[in-house]
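Engineer: I need the structure of the sequence given here:
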Amino acid sequence: MRTDLWEIQARTDPWRSNDEKRAMARQLLAERFRLAVHVETREMAGYALVRARPDGPLGPGLRTPAVDCDAYRAAQQKGEPLPPTPPQRDQDRLPCVAITIFSLLSPGGSRITAGGTPVSGITTLIANVIDQPVIDATGLKEPFDIELEFAALPLSAAPSADLTPRNDGPSILEALQSQLGLKLESRKVSVEVLVIDHVERPSPD
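Structural biologist: Got it, this is the predicted structure:
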């Protein structure tokens, strides 16, 4: 999986939800790679994302959504005109989408940006950055426009790493607290792990 590279071309309707797109991707991999998997829940070392001040304010990087995502997705699905998107400070933030951006032009080097997304929607992005499992324990259920900028991390971070960045700028730990009013607590977490039971080389077109 880490050495053999493949070019996969697939197409879907743009209004499909993320859950639908993931289901389509699973079907494609099952058909072309004979991929069979199952999910197990395991306890392992990781982090819980919690509020830095349980009764205090959240950080400036968590803002009221500029777009009604329910109305936005409904219009996409029906092929109707999309609700107007007000001007925003971060022009690369996509409405109702969460992504990670690595850019040499960004002062911090790395950004997590999300539109109309609950905090739980960025835990996977944070986990990908620090290479450790992260669960949401903030209790925040409402959607936010989220902006988090931090310095790039080392290429690999061991479980005992202090997550010290490679360049100038706040570490992801510092950025979470100052920008979002959240923090990571090291603890044992129960996470769902994808286990590969079977996979084959794909047949050519």
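Engineer: switch to C-alpha atoms for all contacts and neighbour counts from now on
Structural biologist: Will do.
Engineer: all strands of this protein, in order?
Structural biologist: Per DSSP state E, the chain carries strands over the ranges 36-51, 62-63, 98-102, 109-117, 134-136, 144-151, 182-198.
Engineer: least confident of those, on average?
Structural biologist: Note on those: lowest mean pLDDT is at strand 98-102, with a mean of 78.
Engineer: and the helices in this protein?
Structural biologist: 18-33, 69-78, 123-130, 172-175 (DSSP state H).
Engineer: compare those and report which one is nearest to residue 151.
Structural biologist: Residue 151 sits nearest to helix 172-175 of all the helices of the chain, at 7.0 Å, using Cα to Cα.
Engineer: what about the residue nearest the centre of the chain, distance to residue 80?
Structural biologist: Among the residues of the chain, the one closest to the centroid is residue 125, at 3.0 Å (Cα atoms, centre = their mean). For residue 125, the distance to residue 80 equals 31 Å [Cα to Cα, to the nearest Å].
Engineer: circling back to that earlier point, ok, for the residue nearest to the centre of the chain, nearest residue in space, not its chain neighbours?
Structural biologist: Nearest residue to residue 125, sequence neighbours excluded (Cα to Cα, 6 or more residues apart in numbering): residue 100, at 6.6 Å.
Engineer: residue contacts, the one you found?
Structural biologist: Applying Cα atoms under 8 Å, 6 or more residues apart in numbering to residue 100 gives the contacts 110, 111, 112, 113, 125.
Engineer: tabulate those residues in CSV, adding columns for distance to residue 147.
Structural biologist: Formatted as CSV, the contacts of residue 100 follow (distance: Cα to Cα, whole Å):
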residue, distance to residue 147
110, 11
111, 7
112, 6
113, 5
125, 12
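Engineer: max pairwise distance over those: which two?
Structural biologist: Among the contacts of residue 100, 110 and 125 lie farthest apart (Cα to Cα), at 11.5 Å.
Engineer: I'd say residue 203 and residue 34 touch.
Structural biologist: No - the pair residue 203 / residue 34 is not scored as a contact, 9.9 Å apart, by Cα atoms under 8 Å.
Engineer: and these two? which has more neighbours close in?
Structural biologist: Each of residue 203 and residue 34 has its neighbours counted (other Cα atoms under 10 Å); residue 34 has more, 16 against 9.
Engineer: contacts only, for that one.
Structural biologist: By Cα under 8 Å, 6+ apart, the contact set of residue 34 is 198, 199, 200, 202.
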